[in-house]
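> Starting from these lines, generate the structure:
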Amino acid sequence: MRILQFNCLILLIISANSWTTEEQRTIEALAQRRRDELCQEQFRCVMRYIDYLKVKIPDLRRVKVGPTITKQPGRTVFDVRSSDPNYMVFLECRASGIPEPMYSWMKNDELISFTSDKRVFLSGGKLVIMNPKSGDAGRYQCRATNLMGTTLSNPAPLIAAYVGEMIRRTTDSITASMGKSTIIQCEQRKSVQPGLEYRWEKFDPNINEYMPVVESERIFIAPETGELFLNQPSVNDEGRYRCVVRNVEEQLRNENYFKWLPGEDVSVRVKAGFFSTSKPAIIYRTPTTSILRGRNLTLSCFASARKTPAYTWTLDGQAPSSKARYLNGGAKLFILNVQYSDAGAYKCTAFADDFSVSASISVTVSGKPYFSQKLPPLVDAAPGDDELIMTCQAQSDPGATYKWFFNGVEITRSSRMTPASNILQFKSPTSEDSGMYQCAAGNRYGNVLTTSQLRVIEIEPTFSRQLPIPSTHYGVEGGKIAIACSPFAVPTPRFSWTFRGRSIANTSDNHIQILPSGSLVLNNVRLSDAGEYTCSARNFAQASHAYRVIVEPAVSIANGGEKFQTVYINRSLTLPCSTANDAKMPEIEMDFIWFLNGTRIHPSPSSQQQALDE
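Next comes the predicted model:
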């Protein structure tokens, strides 16, 4: 029996036989079925590889790959007060693996029983909840399991969103003064989860409908409280207004899901008046704000003045990020996809009538962790390998704490495994330790996981599974020769080289370099470097492979032709050039370079000079 590993991370158990057309069709059919997980180009590469080895796959059921989550469940929101009898929510989860993974789900770290509550059921890997209730809110996690082990998804919150009853106004009319800014309050709600989005509407008697109030340099809606600000109100602002709200989650869903809920009418009448001062005054600014990384940020700063103010913004004394956009004449600063670099002290300054006024807004950016170093998808180790460790690294603010999982179960310190923050140390691993490992990084804003499949196996070094490589390498004196040494082995072997039976090592002048990959590099090649080189690879066993190196003298010009040539205008001229090495080294391709008055000629089809191969 032989073992073959390739880029799709599949382990094929194969035996020495011929490759048949029917088995090629079987492989191609498997690649077609696994289009989402496995690349057909990789399968074609494998078929060429197997054809070279003259082996076959006796049973595709013996191909095994641990589960990998390909579709993570995401943050999901539902309307807890929906009256639709067919209302349901979904939590998506898909995983790849061979054999096909089976799915289960956990809520708040407890396995969900699908027999106790008929409203909750599985559709493939998707979790479906019919007529969700407030008690269904929580932290959900998908589990994918096959014969190779169990993998967990990233945790996903299910949030119950609602907007409570409105608290009625104490007055249904407001009198505004032309000389002063006017503030119209939005009705409060008894209970809201998690927050509200606001807009204002004004009744249009011409069409007998309410129309949205459009913000401008003079009209402003506070996004945090819903207050409507009218600067320099005029008779055109008179009429009936109402505040309309919906759950803020609509902004995150990009769906028309939560309905707008209108408040009570309030009548606005405008009377004559004037400003008592020319100085602008800031009547609203965004309070101190904490926002999650990746969200969109809007900062507001609205000033009242006799003339419409102009606004400027700074962040810690410098211009804000280049991605910042100015809205409402500069009264709003919008930043898309906030990052940690967007945190700091923002300063808004309003200018009017040669006067200015400023306000500061402190912004902090937090976020759930993200991995700067993930686990490798596959790790092969030998039994008893005490140097085996797994390492992950996450970035976040606040900082992350780490947990490790083996087949979906948290790892605690044992005689064979020691989790220490972002490092998992193994001691004398055995085949029982083969399976799916995950590093989880989390803070109060969320958790993320990275996954690796560990196989504790031993494979002695062998050069018979290499793709065809030349056994003879040619070089030129003063040039460079590189010889690859890539045996198939688990664990990774140690390499050594000999030349004419004598051990060689790295030299201080870099004439000889043995790379960590095992490759041998000869720099500034000498004639004395010709001969037989042997690469030896050792783990628990040893194998060797020999290579022959042929070195030819440095290139010399054999015939430069006449030193002086005469040519007539508009006639062609051929200048011969050949080397003394052409006949001896047909395997080495020569490049000819010509110079004119010391400047290299770069010929092209349209140029007057052309270099011809000799």
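> dump the residue contacts of residue 499.
With contact set as C-beta atoms under 8 Å, 6 or more residues apart in numbering, residue 499 has these partners: 529, 531, 532, 533. All C-beta atoms are positioned from the backbone trio N, CA, C, and that covers glycine.
> The third one: what secondary structure?
Three-state call for residue 532 (DSSP: H, G, I helix; E, B strand; the rest coil): strand.
> isn't it right next to residue 547, touching?
Yes - the pair residue 532 / residue 547 is scored as a contact, 7.2 Å apart, by C-beta atoms under 8 Å.
> Of these two, give the one with the bigger neighbour count.
The neighbour comparison of residue 532 against residue 547 (other C-beta atoms under 10 Å) goes to residue 547, with 20 against 12.
> ok, that one - contacts?
Residue 547 touches 471, 472, 473, 483, 532, 533, 534, 535, counting by C-beta under 8 Å, 6+ apart.
> Taking those residues, please make a PyMOL selection of just the buried ones.
A single PyMOL command selects the buried members of the contacts of residue 547 (16 or more other C-beta atoms under 10 Å):
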select buried, resi 473+483+533+534+535
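> Reformat the contacts of residue 547 as JSON lines; add pLDDT and distance to residue 429.
Listed next are the contacts of residue 547 as JSON lines, based on pLDDT from 0 to 100; distance: C-beta to C-beta, whole Å:
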{"residue": "471", "pLDDT": "84", "distance to residue 429": "37"}
{"residue": "472", "pLDDT": "89", "distance to residue 429": "41"}
{"residue": "473", "pLDDT": "90", "distance to residue 429": "39"}
{"residue": "483", "pLDDT": "93", "distance to residue 429": "34"}
{"residue": "532", "pLDDT": "95", "distance to residue 429": "39"}
{"residue": "533", "pLDDT": "96", "distance to residue 429": "35"}
{"residue": "534", "pLDDT": "95", "distance to residue 429": "32"}
{"residue": "535", "pLDDT": "95", "distance to residue 429": "28"}
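> Closest one of the contacts of residue 547 to residue 455?
Residue 455 lies nearest to residue 535 out of those, by C-beta to C-beta, at 25.5 Å.
> give me the element the closest one is part of.
Following DSSP states H and E, one finds residue 535 within strand 531-538.
> shaky segments in this structure?
Along the chain, the model assigns pLDDT under 70 to residues 1-63, 250-258, 275-278, 465-469, 558-562, 580-589, 604-614.
> longest strand in it, by residue count?
strand 355-373 (DSSP state E).
> Determine the number of other residues adjacent to residue 193.
17.
> distance of the closest residue to residue 279 other than its chain neighbours from residue 310?
Spatial nearest neighbour of residue 279, excluding adjacent residues (C-beta to C-beta, 6 or more residues apart in numbering): residue 355 at 4.4 Å. Counting by C-beta to C-beta, to the nearest Å, the separation of residue 355 from residue 310 is 11 Å.
> go on, residue 287?
23 Å.
> what's the answer for residue 133, then?
52 Å.
> So between the two, which is more surrounded?
Legend: neighbour count by other C-beta under 10 Å for residue 133 and residue 310, higher for residue 310 (17 against 11).
> Setting the sequence-adjacent residues aside, check what's closest to the more buried one.
Using C-beta to C-beta, 6+ apart, the nearest residue to residue 310 is residue 351, at 4.7 Å.
> Next, the contact list for the one you found, please.
280, 309, 310, 311, 312.
> which of those residues count as buried?
280, 309, 310, 311.
> Nearest to residue 541, out of these: which one, please.
residue 311 (74.5 Å).
> show me the residues around the closest one that make contact.
301, 303, 326, 329, 330, 331, 348, 349, 350, 351.
> Measure how buried the third one is and give me the count.
Residue 326 is flanked by 14 other residues according to other C-beta under 10 Å.
> Then the first one?
A count of nearby residues for residue 301, using other C-beta under 10 Å, gives 29.
> Is it located within a helix, as I assumed?
No - assessed with three-state DSSP, residue 301 is strand; it does not lie in a helix.
> Bridged to it, which residues?
As for beta bridges, residue 301 partners with residue 285 under DSSP bridges.
> so what's it up against?
So residue 301 contacts 282, 284-286, 311, 313, 331-333, 348, 350, 359, 361 (C-beta under 8 Å, 6+ apart).
> Most neighbours among those residues, which one?
residue 331 (29 neighbours).
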